[in-house]
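> my questions concern the predicted model and sequence given below.
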Amino acid sequence: MQAIWRNEWVHEYETPWSIFEKLSFANRVSRDDIFKLSGNSIERNKINPKKGDRKIDLFSLRSFDESILEMIFGLNLVKFTQQSIQSLTKPLHSNRFPNTSWFSKHLRWCNQCISYGHHSWLHQFKLLEHCPFHKVKLEDNCARCKKNIPFVFSNRFFGNAFSCKCGFEFADFSSTLWENWDTKFKIVDSATLHWLSLSNTNQEDGRILILPEFGNLNILSVFHPYIAKKSFTKDNNKISIDDFYYSTQFNKELYYNNVDTFQTVDRHIRKNVLWKHSNCIKQFWQLLKNDGEDFPDICPYAYAYVNWRKTLLKTERFYRSDIRINDVARSGGRFGYELLTRAITDDIKLLLEEYVLKNNGEKINKDTLEWIQEHWTYRFSLMFFYECLKYSGDILVNDKKNTNWDKILMDTKANFKIAFKYQEVNVMSAKRINLMMYYENTIDTKIVEHHCPNHSLRKKRAISKMKSYVPARISIEYPKNYELINYVSSYIKKHDY
Ligand SMILES: [Zn+2]
Ligand SMILES: [Zn+2]
Ligand SMILES: [Zn+2]
Ligand SMILES: [Zn+2]
């Protein structure tokens, strides 16, 4: 095939997706035609009843014939792609995560780049939220159908060249054709430039410890200061990878450590933000009300606090039968890895595993694991509380309880950026590990002022005289009062999720 193609249409770090889209547009051929021509024989001969449903991997390009691609593009596209992926992930030295896990599985693009036919692996790179060429936020939903578009070579999700299946065009080349496809853009984002310089040298300011979903290049760049730093003796308190998975002693310690961290955050919030609302919390938490009256208005501060706690700890109910008994169980960790803050247990586990695995079987100081746990839990719990507080007034008024708190949790996670670096240093012939923590909250947290219904002293005092209507108590004290029992259970249903 004599295809229309120019070398200048391929840019550094360009993905095969936009390369194929350009080929399709310039030659007026469909994706099927491209695949019929350049797919390898095994893939082409696969019995596939719905050929249009093929989803071809753009990371490995293993369904294509390498030499045919080279003939078309005058470039070994397979190797070119591998090199881009490798050079962007090289500074990570990850053991736990394959290279592909650092890239989004759905298409993310820059509107400005795409209007020049350009799509880059830097746009797919999870550690970037903005286009490094234009500093604009990356798109990841189709403007028309509002869907995520899987990052694969497929007719199932894409229509004509450079358009979504729904018909929406990412770019319109009907009048300019390929006139501006050879335009080159400079990377202007300094964090990206720093990152790329890391992958070109072997000089590093410490090993990076980060998760794909919780990091960004910004906090890893030299321009971002660390938030906390601590030095550990390398040979103290050593544990092995097996201890991490199987030692009851270690898992109990890590659990207690997490309980202490949670209580530190809890005290901080109650002392600094909720100090005027301890009666409000008591009222909502213990289902307090006056005899013969409805439940009083809920204070938005109390509402945020109680739901924050329930969502973070994944407790069964929002209300508490007895506030004097501590609801924080200290008995965790006996059956393996477990944390009190259950909503973030898996995230922290992934990072600790990555850290342990990076040490190539060497034992590590367990205090370093606890330090990482403390910082993740403290920062995340605090940020999540402020997000709950931001929306609690709205949720109370609009009565949109379903999945609200879980959605806030997911959004908080999406904007929570944390990374660690560690360095081995020799101090007076003793080996030490320096750990550094970097953190950024990518949503703006302005503290919202709510109106508290118990603002006046009279209202606050009234709460102390109220009685608790938790189900366990009323079923004993008013066993026949079905009206009351129903009223309480529908109140609980309304506020539980
Ligand atoms: Zn751009
Ligand atoms: Zn669409
Ligand atoms: Zn504090
Ligand atoms: Zn209040």
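Yes, it's here. Numbers count the residues shown, from 1 in each chain. Ligands and ions are numbered 1, 2, ... in the order given.
> separation between the residue lying closest to Met383 once chain neighbours are set aside and Ala191?
Counting by C-beta to C-beta, 6 or more residues apart in numbering, Met383 lies nearest to Asn441, which is 5.4 Å off, once chain neighbours are set aside. (Each C-beta comes from the backbone N, C-alpha and C, glycine too.) For Asn441, the distance to Ala191 equals 17 Å [C-beta to C-beta, to the nearest Å].
> for the helix or strand of the chain with the lowest mean pLDDT, output the C-alpha coordinates as CSV.
Every helix and strand of the chain was ranked by mean pLDDT, DSSP states H and E. The lowest is helix 41-44, at a mean of 76. Written as CSV, here are the backbone C-alpha positions of helix 41-44 (Å, rounded to 0.1, in the frame of the first residue of the first chain):
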residue,chain,number,x,y,z
SER,A,41,-1.8,-13.1,10.9
ILE,A,42,-2.8,-14.7,14.2
GLU,A,43,-5.0,-11.8,15.1
ARG,A,44,-6.5,-11.3,11.6
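> which ones are touching the residue nearest to Met383?
Met383, Asn415, Phe416, Lys417 (C-beta atoms under 8 Å, 6 or more residues apart in numbering).
> dig out what Phe125 forms beta bridges with.
For Phe125, the beta-bridge partners are Phe103 (DSSP bridges).
> tell me the spacing between it and Asp189.
According to C-beta to C-beta, Phe125 and Asp189 sit 12 Å apart.
> so these two - more neighbours on which side?
Neighbour count, other C-beta atoms under 10 Å: between Phe125 and Asp189, Phe125 has more, with 25 against 19.
> correct me, but that one touches Trp102?
Yes. Taking contacts as C-beta atoms under 8 Å, Phe125 lies within contact range of Trp102: 6.4 Å.
> which residues are common contacts for these two?
Common contacts of Phe125 and Trp102, defined by C-beta under 8 Å, 6+ apart, comprise Leu88.
> which strands and helices sit next to the least confident helix or strand of the chain?
Judged by 3 or more C-beta pairs under 8 Å, 6 or more residues apart in numbering; DSSP states H and E, helix 41-44 is in contact with helix 31-38.
> so how far is the helix it packs on off the chain centroid?
36 Å (C-alpha atoms, centre = their mean, to the nearest Å).
> can you give me the buried ones in stretch 162-182?
Neighbour-count burial for stretch 162-182 flags Phe162, Ser163, Cys164, Lys165, Phe168, Glu169, Phe170, Ala171, Phe173, Trp178, Trp181 (criterion: 16 or more other C-beta atoms under 10 Å).
> whoops, I mixed them up, stretch 458-471
Neighbour-count burial for stretch 458-471, counted by 16+ other C-beta under 10 Å, picks out Lys459, Lys460, Ala462, Ile463, Met466, Ser468, Tyr469, Val470.
> residues contacting the first one?
If a contact means C-beta under 8 Å, 6+ apart, then Lys459 has Pro453 as its contacts.
> doesn't it fall inside a strand?
No. Per DSSP: H, G, I helix; E, B strand; the rest coil, Lys459 lies outside any strand segment and is helix.
> how long is stretch 282-301 end to end?
This stretch, stretch 282-301, spans 12 Å end to end (C-alpha to C-alpha, to the nearest Å).
> next, the buried residues of that stretch.
Residues 282-289, 295-296, 298-301 are the ones in stretch 282-301 that count as buried (16+ other C-beta under 10 Å).
> and ligand 4, which of those residues contact it?
Filtering these for neighbours of ligand 4 using C-beta under 5 Å from the ion leaves Cys299, Tyr301.
> gap between the closest residue to Leu217 other than its chain neighbours and ligand 4?
The shortest distance from Leu217 to any non-neighbouring residue, by C-beta to C-beta, 6+ apart, is to Ala191 (4.2 Å). Ala191 is 42 Å from ligand 4, where distance means C-beta to the ion, to the nearest Å.
> next one: Lys467
19 Å.
> now do the contacts for the residue of the stretch 101-250 of the chain found nearest ligand 4.
Nearest residue of the stretch 101-250 of the chain to ligand 4 (C-beta to the ion) works out as Ile227 at 31.2 Å. For Ile227, the contact set (C-beta under 8 Å, 6+ apart) comprises Met437, Tyr438, Tyr439.
> count of neighbours near Phe335?
Residue neighbour count, defined by other C-beta under 10 Å, stands at 8 for Phe335.
> could you say which helix or strand holds it?
In this assignment (DSSP states H and E), Phe335 forms part of neither any helix nor any strand.
> please report how far it lies from Lys349.
For Phe335, the distance to Lys349 - C-beta to C-beta - is 14 Å.
> Phe158 now?
For Phe158, the distance to Lys349 - C-beta to C-beta - is 37 Å.
> the two: who's more crowded?
Under the neighbour definition other C-beta under 10 Å, Phe158 and Lys349 were set side by side, and Phe158 has more, 23 against 16.
> specify the beta-bridge partners of the more buried one.
Note on Phe158: beta-bridge partners Cys164, judged by DSSP bridges.
> give the contact list for it.
By C-beta under 8 Å, 6+ apart, the residues touching Phe158 are Arg31, Ile149, Cys164, Lys165.
> excluding chain neighbours, what is closest to the first one?
Nearest residue to Arg31, sequence neighbours excluded (C-beta to C-beta, 6+ apart): Asn155, at 5.4 Å.
> contacting residues around the one you found?
Ser30, Arg31, Asp32, Gly52, Asp53, Arg54, Lys165.
> tell me the most packed of those, by neighbour count.
In these, the most neighbours by other C-beta under 10 Å go to Arg31, 22 neighbours.
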